[in-house]
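Enquirer: After the sequence you'll find the predicted model.
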Amino acid sequence: MGTQVDLGIKGYKNYGTHLREKYNGQRVFKTIVDGGFTCPNRDGSKGYGGCTYCNVDSFTPEISRKMPTIREQLEKGMERGKNFYKADKFIVYFQPNTNTYAPVHYLKMMYDEALSVNPEDVVGFSVGTRPDCIDAEKVALLESYTDRYDVDLEMGMESIYDETLNQINRGCSHGEFVEAVKLLENSKLDLCVHTIFGFPWETKEMMLGYIHEINRFPQIKFVKFHHLHIVEGSIMGVKYKKEPFKLFTLEEYTDLLCELIPLLRPDIVIQRLFGISDWDLLIAPNWGLNKSSIQTYIDKEIEKRGVVQGSAYFS
């Protein structure tokens, strides 16, 4: 007899189940597109070098990096989704860098071009950005697509502590994140918040504080949890090679997830429990497992320990 995990039943609201239920059992696949954007802490307006943990190539598929046009990226990505993942429908996902860091007329041109590719197969539109690169005019542009697609805005919170944000050269404060979230009150957009756990100077109690902050905002519909991992081509990677510092083991990170998931508001959908780069870019931690094996290990530990999302949440 299989476990609950084997049957697809998990102790938290997971994104795969959410998509299947929302789209009547159809397989929905996110197709990443690189619009050629940069970030204000890369181009000099707020700093240089970007976030210290970041190498954009570490989370951008090779297809997106090599295809010169948006159309080619999406056509190849959708073909791959159909052939390898048996996808029925797609979410167009502007992921690398800051995808609202441009004038509104330029953004509209880019978004319209992307959404013109196989429109009959597209059900969603997702745009990744920073808190300091979103304003009312850009929110209105994104909302203009909600009559045709489910639109979510993915925003990096990373940490709630300004000391951490300064150390990682983020170039914006947590207060700016809060102001950006307030822009989305009563918005038609679904907000997805991205966090990173494991900065070596933050304690477990500090990391659990992220969850209480997320819970404050009803406009947050999705979260992506990542553990800190060190990649080639990042400033943090250079520092780590010179002087290694403590990173999560898989067991330690699973322990943290098992403490924080019960605290998380029960209506929030968890899009991701961890994030890891391709092997050729990963410096540490190397858990010795592929993504699906890591996911299975975490899910089975969550089940074994009786962890239930929201069971310790109090409004």
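Expert: Received it, and whenever you're ready, just let me know what you need.
Enquirer: so residue 241 touches residue 283, yeah?
Expert: Yes: in this structure residue 241 lies within contact range of residue 283 using C-beta atoms under 8 Å: 7.1 Å. C-beta here means a position set from N, CA and C on the backbone, and glycine is covered the same way.
Enquirer: Out of these two, name the residue with the larger neighbour count.
Expert: More crowded of residue 241 and residue 283, by other C-beta atoms under 10 Å: residue 283, with 19 against 12.
Enquirer: tell me the mean pLDDT for stretch 170-189?
Expert: Averaged across stretch 170-189, pLDDT comes to 96.
Enquirer: Now do the end-to-end distance for that stretch.
Expert: Terminal residues of stretch 170-189 are spaced 24 Å apart (C-alpha to C-alpha, to the nearest Å).
Enquirer: So which bits of that stretch are buried?
Expert: Within stretch 170-189, the residues scored as buried using 16 or more other C-beta atoms under 10 Å are 170, 171, 172, 174, 176, 177, 180, 181, 183, 184, 187, 189.
Enquirer: so where's the stretch 1-150 of the chain shaky on pLDDT?
Expert: 1-2, 4-8, 56-67 (pLDDT under 70).
Enquirer: can you map out the strands along it?
Expert: 28-33, 89-94, 122-129, 150-158 (DSSP state E, counting those that start in this stretch).
Enquirer: Let's have those in JSON lines, adding distance to residue 289 and mean neighbour count.
Expert: Shown next, in JSON lines, are those (distance: least, C-beta to C-beta, whole Å; neighbours: other C-beta atoms under 10 Å):
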{"stretch": "strand 28-33", "distance to residue 289": "22", "mean neighbour count": "23"}
{"stretch": "strand 89-94", "distance to residue 289": "25", "mean neighbour count": "23"}
{"stretch": "strand 122-129", "distance to residue 289": "26", "mean neighbour count": "22"}
{"stretch": "strand 150-158", "distance to residue 289": "25", "mean neighbour count": "23"}
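Enquirer: want to throw those into JSON lines with distance to residue 200?
Expert: Below are the strands of the stretch 1-150 of the chain laid out as JSON lines (distance: least, C-beta to C-beta, whole Å):
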{"stretch": "strand 28-33", "distance to residue 200": "30"}
{"stretch": "strand 89-94", "distance to residue 200": "30"}
{"stretch": "strand 122-129", "distance to residue 200": "25"}
{"stretch": "strand 150-158", "distance to residue 200": "15"}
